[in-house]
Structures are given as structure tokens and as C-alpha cells.
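In: Only the shape, not the letters, is given here:
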């Protein structure tokens, strides 16, 4: 361990919280410490760079236990002065005045690099900041796994595990009561959680934004199961799924945190199914449960690798890039510019969907 | 293992499904088999005794894996011809004609005893059946733990574990986003799940039917936490909790399965808190997740003991009784008559509530 | 929250670590804080009272996350100058010189009470300290659940859950390979973990210190299962179980931490079974896995109640007592004198064993 | 669902049991059923093809619950007449007489294809069978993840999750007692489980077959941690790791199931560390726990995809191939010939090891 000239890294977490954020922070701080770098935690998202600056040194001993703790010790925000209010395809630039204020503060702190850990919205801001001179490195985080530039994002495995656990629980209820059970999971633009969890959790119907569904089709599936002597049906539905063959619904939400409120698609689907099938139908909205809790082992090692590689990119001054999991299973850089606004959707003709169909799983189409 | 004259036991499960039902069935069948008794599974609740009878022999090999499987292989029903439509304090007797039909079928099957596994509603019917000559033994099941005649019911430990896991998950979200998170759990007449889970899961506010709450009180708790530098608050609310000091709300539900639908108390509480505190507030309704899934080790051994003792009561022809967990931690009988309609509530002045208050937990009063 | 005259509590954890120790500490600190009491953590067991004293103030914010963290933040020790080197029935008094040194330091710190959290060994020392004037309150901790003065100790539920999880895992291996699988669990003097876990985990043979076993008897069970077409057998054995009808073996271990080493009873049993039955037999020693990890919800609420009640006993100056879970399910005091050296064993003629036997489970006798 | 001419698939599972075997079987049976194919389960490994044949039809309803059940309902064997007694690099051909007997029986059953689910040993036999005319399709299974022809094998994710859970548990014990804790995991030829679990579980030292270690190096790591004020150390060691720079040890075991017995590398390492460091050191051998239990969601979807694709290869008469997870994350075929005997090892200079080193994790070299 050779102590070099001390340099400083700022770390910021943005967007909705996600299992593994703390594991990335821990990896950055531990890897940095070995090289004599210090880390500063910017609190409350990018707004922590505005006056009064909220930046706190992250000591090695603060990292104890962080590998397994959900959420982010830095806090995060979906709103605030800095918020780009972007969703996929809904970019809005951060006002220059805000950026200038942040830049002045940033420069005053003598930080060599800024690591931005977040999803599409956070990385869009990061790119804008890079363009005006911030030495930025991005780390991709979305529960939804819908960033095209990386094979997978962290938090996704944990979210799927949570959804599969819920499906397991609903199975016994459905079977005991001869019911239809509907589970609503996250996935506003892409149905990865619903598709993977549905496959791993033995769902009978998977509804995703990429494939428009009809209630008639769901009804046919329920009837065909009844004919086989199976008097219960499990439906998993992504929040962005929509009936009527629309493919997917454009959200009019303004933040990049999905609101878990009354009357989402899950309840709508349940009521319509009950009405058509005359079978008792119940809905559970998984909601915030899928963002919380300890990361799975996969997400823990993935976050650790993301964090270490982000640090190595900093050492090599590879700014304006995001660390990504490449097709060969290795870590590597992609430009932030390429990474943002390119959404990764479930391919309706791809292997995942075909595999599900081969088992008799219906997509409601 | 002495083979005696073969005798038959009928087993029926009633009311909402619950982790551990299968474990009770397994224990009955295994204990019976050692004594040369056969077990018949009555399917679909008591209605399985009506014409056409739905009774299927339960073989030893069918018991493989049942110890850990949630739900009930016998199916259950909250409605149907037999349904007593009772809730606590809302008894309605099953029509004599229905009972007569069941008795005729029962006698024709040459069954020596009927084990009824269920909650208040199921046991109320069982008592009525006992009065007209059915050789009935009861086994107490409620998620809610609100039967006075037994120290605890099975399914409760599993439900609390599920709620605590949810609280753990919500903690990281609440802390990362400086939010109020509300978790709605079961407990229409008694707040046991909310109280135990709140204590074990580190909730800041526990709302139960036994203690009327006010939003002002919750608001004070949130503000006092802010003053301590804690910008998030975790609220757990039983479905039967109610504002305004009413103590608890009389349900107008007709079945003994609680409906998990839109606009329950959880969402109401969340909206009111958000409105008063101006803090982002989110609600998760745990719903059917807490009834499903594998029983905890505690419930697995408790169900096993319940099943074995129910069998021993049958051997001793102790009919009209329910097996109960006594104060000394041992199994013993109570009359069904004493067991039903006597609800067990959280004592607002008892140790559990006092312990929570000593930690600074608010009950909203 | 009325701030009274500030008083100080010292907290010490002794003996082997155990899930829930931190939850007790958290409850003490939180309950104390509401009354304006400060807590001091004595590090490294009672030796932390010797010169140089290792005592660190425990702030409220240090309690974050402690409810669910295994182990003890205070550290613990099975050896050292203070160690009483006691096991059940093997009392040895701490030298007066050591006690005097501790007393001098204790008095100098101006502490009003000392909470000793530990098992038989720790509580024996605590009683000796009480006799010479320490204001001591005890909290009972043993994985083994073998203290007679309390209905249950904390850590036990978590240990049983861990053992049951292991049995579930071994079931699939045993069944797939037609093997005998042996699981060794803790329980040097009492077989509570083996008995409860065996019942909840579907073991076929349970070997405990309270019931001497013979290999012939185990062999008969294996053969009887083969005759029923079940070509695998699951054995759970407490570390203190012994063949030859001896009932249980007197340990010649010197510390109160059981050493998990080569050649324990589990491997012996497995080798002998393989030799007699000619069936592939494998052994897993659960060892330290059952002391680590997060406490279950039950242990979390139990520890919280223990901690709060220990604090209330301090306020009432009830020194020389241990907090206990009474038969009525409530917390209450017992004298340390009554609590120590009275071991609680599984009753070979009691309900637990009878229940297991009624299911066909063999105790090897 | 068009019923075609009924055709039959034989399914055999070989080698040690593994989480997910049942999920593969379920996928084959469900996918087959949609196309009107029947499946026959060959029991007890390849020996089930010998006289008397042990083949049982697998009905759709038998698949209920199989997605999550560990082990294999078909049974498996590591020894027997058919056993090739192979380990990596230790091929021995099955005698022609045995193969002829199996072929005669196979042909008599009118089976169109044989799916062999297993590791290196099983697939080696499968290739030999393909060469003599069996219409074989392979599915890769090893806990160890050491098959070069597929990105990953099923069972691996579950095994790593089990090891990480164990590391989490050992952390609290290590920290509370200032101990060194050693966890021995599987990995005779390749250290994937140790490396991934070590990274995800926060181990301080990772010992794998690919990197020879010295006790001096481990001692230096322990001392350097002491110097940082960390008085505990977590070591994870693969069963095939070896001191002295040998890289890895050639096993003289004869079966392809690793025997979990006394005196493995874990205990050796623990004793040597204790001797050198004078610190209390304890060892836990995870053993069979890592092969049992429910598969993770990842393994559940992976097995489902493997099963479906194996069926599609059968429909396309792609015999002599194994289904594999390709670099692009898609399923595809590789010849059995290419798949066997090509082991996949952890690259000592690769990203995984480099990432771990960047965090200060020692490989004992």
C-alpha cells in the first residue's frame, strides 16, 4: 500500500433508492483508500453540491456493514433544484445557473472526480455536467434493468428475487382458495422484472409494457387452466403494461421515482378479471418492498465490481464514461452519451419470451 | 406400533388460508397412521360434506413436503352454502337443513371424528355441529392471534416475520429518501401483528384497533424525530385501526376473509400524514403476502404439536374441544364453547404496549 | 420526556456471541435515553472493568441498525483474567483480587448499575459481583435455552431457525442420493435445539443428551424406513448426546464456548451408521453458523423486551435479579441466585418428546 | 396446442445433487406436453437404463411445486455399474457391455431422445453413449461452475448465495470474539464459489485452487488488519486450494461427489493460522448445505431456459449437443465433445481477482 499524493473523489447517489447503492460506495472508498484517495459523500443527490454544500468525508470505518445494507447512506432525491425531471424520452436540461453554482462549489472543494450513481435521469444530468467540465464517471443503477448500455444494472437481481418470493407466497393462497392472484411489480417502460420473475416464479400470465394485452386473452388462459383442473391462476403485471394492444403507456409522471398509489394497473387488471371470470381475484402491489432490503449475493458482487472499476476509470482519467457490464461478462467503459436515453426492452420475439411461451405462459396477447 | 381396528378421521380446513395448515394435516395423518387410523381430506371447507361429498383419502406418501408448504391441500372457502358468515360478535347459525345434509353424509362415510382447523368462524360452526352430534375436535388457526383460549395460534409467527421483513425493506427506502413509510398489516379486531412486528421491526408509530389514534399525535412524533435529526418515520398500521379515538371500527365485511382492496386504512393514513407533515409519504399494503409462503420453524413445530394432540384427543374421545397452547407452554384442551367468540386483544396498559412506549414508540394517542 | 438527574448504566456482554445481544443493548440505551440515563459499553466482557478500563459511551445514534445485527458491538470473551471457567455444575469463583480491582474501577466511573448479558457462566460471575456490592441486573442469553429460570432465552429461536433451514437443505440431498444425513447442532447439556429443530424440520432421528441412544436402535429406524420405501434418513444430533445409555456426557471443556473441532459426535454417529447400515452417510456440523447472523423477529422482540425490563429493574433498584420470561408470557424478575446453576433439560417423558414419538420419530433409545 | 404423433423423451440426472435439477425436469415435461411429447424419468442415474429398467412416466401434475424443490425426484448416483468414475482429467470409459445392455433396453422403450443432466462425469458418459447411437442431449450442472463450454452452470448461484449467507453469519462471531473464522466451500478444481462468495461476502482472504497460498502471506494479512484496528479476519477456502504454491491439488477421490469428511483443507488452514497467529481460529465446513435447498430465482429461470432449450434441440434432432448459456446471454448448443473435459478456472490475472485485490483482499500469495 503506497500512499500517493492525496486526491479526492466526490460520490453522489441520485434517483430512487436501490439495493446495492451502499455496496458501490463501499467499494469506491475501500479501493480508493488503498491508493491513498479520499472520498467525500455528497448528500441528498446533486443538490448537495449547491450552497450550502453537503459533503461529508467517508472514512474506511464508516464502510463497516455497508456491503449488505439497503438504500444509500448519502440520501437521494427525486426532486429538488437540480432535478432534471427526466424520464425516458423526456429530457429537460438542468438550468445553467444551477450547474454553475455546483461547479463553483465543486472546484472549491478540490475534488478530482465525481462519481454519479443512478439511473437514466441521474446519468443524463451527469452527461450535462461532463459537458461543462465536471470530471464525471457514471455507475448504472436501475431496479428495472432497462439501460441498454450495460448487460445488467444492479438492484435488478434483488428486485426479481423479491418478486419471486411474493409469487411463491401468492401461489399457496391462490391454490387454497381457487383464486386468481395478481402481483404488480415495477417496470414502467420495460417488463424485465415481470418477465424474469414470472418465469422463475411459475406465473401463468405475464403482462409487460412491450406486449399489449387483452382481457379476452387472459380469460382464455384462465378457462384453459380450469379445463386442465387447475382452478387458480397467477398473473404478474409490470406497472407500465397496458391493455388494448397499445404496447406500452407513456407515463405522465414527472419524477423518476414511480409513485405507488391507489388504482394502479394491478388493481385494474384484478377487477376486470374478476368481472369477466367470476372468480375471486385479489391483487398485491409489491411497491417499495422491491427497492428495499439487503442486496442479493449477485448484486453485492456486481456493485463491488462496479465500484472498483469506477475507481480505476478515475485513476485513468476516463471521464464522461459510465462503467458497464459488457457482453463478455467483463467490466468496461461506455460513454455517458451513448448510455443515456437508450432504453433496453424485452424483445417480444426474443428467447426469454419464447421460453415462457414454450411453457404455456400467456402474455395476454 | 400396534395396528388396532381401522378407524377414520375426517379433516377440514376453513376460513382464509394460513401458513401451517398443511403441517397440521401432516401431523394428523402421520400420528394416525402409527395407530392404524386413516384420514380423509374433506375438500373446499365444510361444503365438502354436502352432496356431492368431496372426500379424498390422505396417504402417508401424500404428506411428503407438506411440513413446509404454505396453504392447504384441502382447499378452503370463505363463502358457500355452509358459511356461517360470522365475524367476531356477528354469529349467524348455519341452517339446520345444511347441517342435516352434512350429518347424513358424514355418518354414511363411517368417520369416527372430524377435525376442524380454522379460526373463529370455522370453530363457531364446529361448535354448532358438535351440538347436533358431530364428534368434532378443533384446531385454532388465525393469522391475527386473536383467540383468547390459546396462548397463540399458528400462522401468527409467520405473519409477523413477513411484516418485519417488510419493515426492514422500508427502512432503507425511508432513510434514503427522508420519507414517511406506512405499512398496512392484518388485524381487523386485534393489533397483535402490528404490535409485535412494530416492536421487532423498529417502527416509530404503531396503530392498532385497541388504541384510537389522532393525526395530530402522529404529526408530533414525526416532528420530534425531525428535531432529533431523524428525517424519516416508519408507521405500521393494523387494518382495523381507526382515528378519532373510536378504539376500533366495526367491520361490515360479510366473510371472514379480509378483502385487500383499494383505499384501506394504510392509504388513508399515508395521505393524511403527507398532507399534515408535507413530507413525502408512501404506503405498502402487505395483504395476502402475510398469509402465504412457508411457515417459520416456530409455526412448523406448533402445527405439528397441534396436530398430534388433536389426534390424541380423538383417541380419548374428547369431542367438543379445541386443542390449545396453555400458559405453561403445554398443549391442552378447551371447550369449543369457551373458545369461540372470546377475542384476545392487545392490552393498552399491558407489557407489550408499555415496552414499546418505553422505547419512544408512539401509538398515535 | 423529562430529563432527570443524569445517571449511568454500564453494559457488559459475556460468553459466546449470540443473535440478539445488540438488540438488548439497543433497548437499554433507547429506554435509558428517554429517562435521561447514559449507557457505557464495557468492552471485551468483564475484563473491560479491569485496568486499563475499556468503557465507551453508547450514543443513541450508535444504535442505528443494531436491532438486526448479529453478535455484540461490545465484544465478548470466553477466557481472560475474569473468566470464571464455569460450566453447568463446574463453578469456580473469580479471585477476590480481580473483583476488587473491578470494583475500584467501577466506583470511579460513577455508574449506577451494571447490566450483565450472558449465560450461566456470566450470570454466575454477576451473582458473585452482586454479593460484593455491585448493583447488578442480569439478562439471560444462551443459544441452548437451558436456563431453568426463564421460559426461553434469546438466541434460541434464531438457532433453531438456522438448524431447520439446514435440515431442509439436507432433505433434498438425502432423498436424491438415498443417503443418511447427520446434522450436528449445539446443546452440550440440553437438547432443546435438536428437539425443536428435529420436530420442525422433519427429522427421523433426534439424539439429545437427555436420552442415551444405541446404534442398534438407529439402525432399526433406518431399516423400518427402508421397509416403507423411504431410502433416506435424517438424523439430528446435539453435540452433548452420547451412545450407550449414559444419558449425557460430562464435558471436560474448560470454557463456556463450545469448540467446534474435528471428530465431534456428529462425525462419530455418521461413521457408525454407515458402518452398520452400509448406506452412504454424510455429516454436517452446523457449528458457528447457528450463533451468527440476524436474529429472528421473535428474538428481536424478546431482546427488546428484556432490555426495556432490565432498565425498569434498574430504575426500581432491583439489583441481584435477572429479567426472565415468566410462564404467563410476561417479563418479571428472578434472583440471580435462583437463576444460576439450575439447568433446564428436555423432559424425556414430556410433551415435546411424546409428540415426536407420536409421529414415529426415534430418539435412538 | 396441436397434438402431434406422441413421442417420448427419457430424462436422467447424474452426479451429485444440485439445486435446480427438478426445475430442468419440470421445464422439459411442461414444454414437451404442449407439443404432445411424453417424458419418462429414468431413476437412479444411468443405471436406471440397465435391467431391470427403472423408468416412470412423468405426468404434468407431478410437476407441481418442482420449480422450487431442491434435489432431483429421479434420484442420482455417484457410483454403480454405469459409473464412469471420472473426474476432470481422469476419464475412464464405461464398459461396452454395460452400454449395450442400456441400448437394448432404451430401444425397447421406444424413446426418441435422452436428456442427460449432469456435470463433467455425466456428460462424458453421455458423449460415449452418443457415439454408439443414443440420441443424447446434455444439460450442464455443476455447483462449481467449472465447465468451460457454458457461461454458467445451474446450481452455482444458489451455492454462492448459501456461502455468502454463511459468511454473513461468521462475520458477527468473528467480530464479537476477535477471531479468525475459516469457511470451507466446494471447488475441487476451480475456485469460483470461493471467489464470488468472498467478494460478495466481504472476506479478507480467499484461497482457491488456481492460486497457491502460503501461511506467511495469510499471517501478514492478519497482522495488517490488526494494525488497522480490525481484530478479526474472515477466510474463505475452496476445498481444492493448497498451500505451497502448488496451484491445486490432484484429488485421488474416485467418485465425482466430494466427500465432506474430517480433516479437510478448512480445518488444516484453521489450525495452522491459529498456531502462527496465536488468535482463536474456528472453521466451518459448509459441505452438503451448499448443494441442498431451494434454488435462487436466477437458478430457477436458468434451469427453466435450459430445459426448454433442451426440448427444442430434441425437436430439431440436434443430438450429441449440450445446451449452453452463450456469451451474449442467449441459449445455444455446443457439442458434448467440446463441452467435456474442458475445465473453466478462475483466471489469476483476470477481472474478478483484480477486483478483489483492489479492495485489499488477499489470495494468500
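Out: Yes, it's here. Values in this document were obtained by computation on a predicted structure and should not be read as measured data.
In: Just the buried residues of stretch A:132-146, please?
Out: A:134-146 (16 or more other CB atoms under 10 Å in any protein chain shown). From N, CA and C alone the C-beta is placed, and that goes for glycine too.
In: and residue A:222, what helix or strand is that in?
Out: Here residue A:222 is covered by helix A:215-227, with elements defined by DSSP states H and E.
In: What residues of that helix count as buried?
Out: Buried residues in helix A:215-227 (16+ other CB under 10 Å): A:215, A:217, A:218, A:219, A:221, A:222, A:225.
In: didn't the fourth one look like it was pressed against residue A:274?
Out: No: at 11.1 Å, residue A:219 and residue A:274 do not qualify as touching, with contact defined as CB atoms under 8 Å.
In: Now do the helix or strand containing residue A:182 against helix A:215-227: the angle between them, please.
Out: Secondary-structure assignment from DSSP H and E places residue A:182 in strand A:180-185. On the basis of axes from the mean of the first three to the mean of the last three CA atoms, to 10 degrees, strand A:180-185 is oriented at 130 degrees to helix A:215-227.
In: now check strand A:180-185, is it near chain B?
Out: Yes: Strand A:180-185 comes into contact with chain B (CB under 8 Å from any CB of the partner chain), by way of residue A:181.
In: Is chain D within reach of that strand?
Out: No: figure legend: strand A:180-185 not in contact with chain D (CB under 8 Å from any CB); closest approach 12.5 Å.
In: Neighbouring strands of that strand in the sheet, and parallel or not?
Out: strand A:233-238 (parallel), strand A:281-285 (parallel) (DSSP bridges).
In: so after it, what's the next helix or strand?
Out: helix A:192-200.
In: and that next one, how far out from the chain's middle?
Out: Centroid separation for helix A:192-200 versus its chain: 14 Å, with CA atoms, centre = their mean, to the nearest Å.
In: can you give me the mean pLDDT across it?
Out: For helix A:192-200, the mean pLDDT works out to 98.
In: One more: stretch A:121-132?
Out: Stretch A:121-132 carries an average pLDDT of 94.
In: Return the set of buried residues in that stretch.
Out: Buried residues in stretch A:121-132 (16+ other CB under 10 Å): A:121, A:122, A:123, A:124, A:125, A:126, A:127, A:128, A:129, A:130.
In: could these be laid out in JSON lines, adding secondary structure and distance to residue A:311?
Out: Output for those, formatted as JSON lines (DSSP: H, G, I helix; E, B strand; the rest coil; distance: CB to CB, whole Å):
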{"residue": "A:121", "secondary structure": "helix", "distance to residue A:311": "23"}
{"residue": "A:122", "secondary structure": "helix", "distance to residue A:311": "18"}
{"residue": "A:123", "secondary structure": "helix", "distance to residue A:311": "18"}
{"residue": "A:124", "secondary structure": "helix", "distance to residue A:311": "23"}
{"residue": "A:125", "secondary structure": "helix", "distance to residue A:311": "21"}
{"residue": "A:126", "secondary structure": "helix", "distance to residue A:311": "16"}
{"residue": "A:127", "secondary structure": "helix", "distance to residue A:311": "20"}
{"residue": "A:128", "secondary structure": "helix", "distance to residue A:311": "23"}
{"residue": "A:129", "secondary structure": "helix", "distance to residue A:311": "19"}
{"residue": "A:130", "secondary structure": "helix", "distance to residue A:311": "17"}
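In: what about residue A:164, helix or strand, and which?
Out: Using DSSP H and E, residue A:164 falls in helix A:156-177.
In: Which elements pack onto that helix?
Out: When contacts are defined as 3 or more CB pairs under 8 Å, 6 or more residues apart in numbering or on different chains; DSSP states H and E, helix A:156-177 packs onto strand A:180-185, helix A:192-200, strand A:233-238, strand A:281-285, helix A:297-315, helix D:297-315.
In: run the last query once more with 6 Å
Out: Secondary-structure packing of helix A:156-177 (3 or more CB pairs under 6 Å, 6 or more residues apart in numbering or on different chains; DSSP states H and E): strand A:180-185, helix A:192-200, helix A:297-315, helix D:297-315.
In: Spell out, range by range, the strands that occur in chain A.
Out: Taking DSSP state E, the strands of chain A run over residues A:7-13, A:37-42, A:55-58, A:113-118, A:136-140, A:180-185, A:205-207, A:233-238, A:281-285, A:321-325, A:331-335.
In: okay if I get these as JSON lines plus mean pLDDT?
Out: Putting the strands of chain A into JSON lines (pLDDT from 0 to 100) gives the following:
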{"stretch": "strand A:7-13", "mean pLDDT": "96"}
{"stretch": "strand A:37-42", "mean pLDDT": "96"}
{"stretch": "strand A:55-58", "mean pLDDT": "96"}
{"stretch": "strand A:113-118", "mean pLDDT": "97"}
{"stretch": "strand A:136-140", "mean pLDDT": "97"}
{"stretch": "strand A:180-185", "mean pLDDT": "98"}
{"stretch": "strand A:205-207", "mean pLDDT": "98"}
{"stretch": "strand A:233-238", "mean pLDDT": "98"}
{"stretch": "strand A:281-285", "mean pLDDT": "96"}
{"stretch": "strand A:321-325", "mean pLDDT": "96"}
{"stretch": "strand A:331-335", "mean pLDDT": "95"}
